[in-house]
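Student: Let's see this in three dimensions:
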Amino acid sequence: MYETYEQQMKDSDMIFKQLTSGGDLSHDECKRMLVMLYVPDMTISRAGISHAMKRIDEYFTKGE
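Tutor: Model prediction:
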């Protein structure tokens, strides 16, 4: 399946916001949730998931 850049960013934004907006998940918990909830969902772009993972890594390492 070919995803547009816009769809990839939309998926990345959705995942990132859902996992970081509560503020009570750790870095490892966010990554685990991303893999458990979004990777099996074939309606979400693989590139969007990958981009969200990178954003989550940057979000948590920014404060260190």
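Student: can we go C-alpha only for contacts and neighbour counts from here?
Tutor: Noted.
Student: Sticking with the residue minimising distance to the centre of the chain, tell me its helix or strand.
Tutor: Closest to where the C-alpha atoms of the chain average out (C-alpha atoms, centre = their mean) is A52, at 3.0 Å. Using DSSP states H and E, A52 sits in helix 46-61.
Student: so what's M9 up against?
Tutor: For M9, the contacting residues are G48, H51, by C-alpha atoms under 8 Å, 6 or more residues apart in numbering.
Student: A52 versus that one, what's the distance?
Tutor: 9 Å (C-alpha to C-alpha, to the nearest Å).
Student: got any residues that touch both of the two?
Tutor: Joint contacts of M9 and A52 (C-alpha under 8 Å, 6+ apart) do not exist.
Student: which residues of the protein score low on pLDDT?
Tutor: Scanning the chain for pLDDT under 70 picks out 1, 63-64.
Student: can you give me the helices for it?
Tutor: All helices of the chain, identified by DSSP state H, fall at 5-20, 27-33, 46-61.
Student: of all these, which lies closest to V39?
Tutor: When those are compared by C-alpha to C-alpha, helix 46-61 sits nearest V39, at 7.2 Å.
Student: Tell me which residues are up against the closest one.
Tutor: Applying C-alpha under 8 Å, 6+ apart, the external contacts of helix 46-61 come out as 7-13, 15-16, 20, 27, 30-31, 34, 38-39.
Student: Look up the closest residue to E3, ignoring the ones flanking it.
Tutor: Distance criterion C-alpha to C-alpha, 6 or more residues apart in numbering; nearest residue to E3, sequence neighbours excluded, is S45 at 6.5 Å.
Student: For L19, see how far away that neighbour is.
Tutor: S45 is 17 Å from L19, by C-alpha to C-alpha.
Student: Repeat that for K10.
Tutor: Per C-alpha to C-alpha, K10 is found 14 Å from L19.
Student: Which one of these two is surrounded by more residues?
Tutor: Using other C-alpha atoms under 10 Å as the criterion, K10 and L19 rank with L19 on top: 20 against 15.
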